[in-house]
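S.K.: Compute the structure for the input listed below.
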Amino acid sequence: MGSPPDSAFAHDIRVTWGDCDPAKIAYTGRLPWFALDAINAWWERHLGGDGWFQMELDRNMGTPFVRIEMDFKRPVTPRHVLRCYVWPIRLGETSITFQVDAYQDGKLGFTGKFTNVFTVADQFRKQRPPEDIRALIEPLIAQAGA
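M.R.: Numbers count the residues shown, from 1 in each chain. Below you'll find the predicted structure:
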């Protein structure tokens, strides 16, 4: 497995004691949450502060998940910052797939692919991504070499 592309967005997460189970590692269910937090931060960064909340309410654009794949490589703990690298790897006719690779202390903790479908939020009807979103994402996919 290679490193994230230079164009990947980095989002740091402070894993805390409350994120952990009695085995002293992050609850399995927290790992997708960490990845989703990083994807939301990616949207905020690229849309001038607008994350999923603003996209849904202000743009009437939903992006519900239709597929999540994750591979766990090593335990995630509160010992080090969890740095999640996020980048789009595919833009379909009505969907987008993000790659998230999460590292602690320079070691890969988990990796995943997260696919969303674009919807008209108030109708929960599938739609093509708006042109401004397509124009934002296509060059980033090309830069990542996907």
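S.K.: can we go C-alpha only for contacts and neighbour counts from here?
M.R.: OK.
S.K.: and residue 77, what are its phi and psi?
M.R.: Main-chain torsions, residue 77, degrees, to the nearest 10: phi -130, psi 170.
S.K.: residues touching it, list them.
M.R.: By C-alpha atoms under 8 Å, 6 or more residues apart in numbering, the residues touching residue 77 are 15, 16, 20, 24, 25, 26.
S.K.: Would you mind stating the distance between it and residue 13?
M.R.: Residue 77 sits 11 Å away from residue 13, going by C-alpha to C-alpha, to the nearest Å.
S.K.: Just give the closest residue to residue 25, not the sequence neighbours.
M.R.: Distance criterion C-alpha to C-alpha, 6 or more residues apart in numbering; nearest residue to residue 25, sequence neighbours excluded, is residue 77 at 4.9 Å.
S.K.: so what's the one you found scoring on pLDDT?
M.R.: For residue 77, the pLDDT comes out at 97.
S.K.: what do you get for residue 2?
M.R.: pLDDT, read off for residue 2, is 74.
S.K.: Alright, calling it a day.
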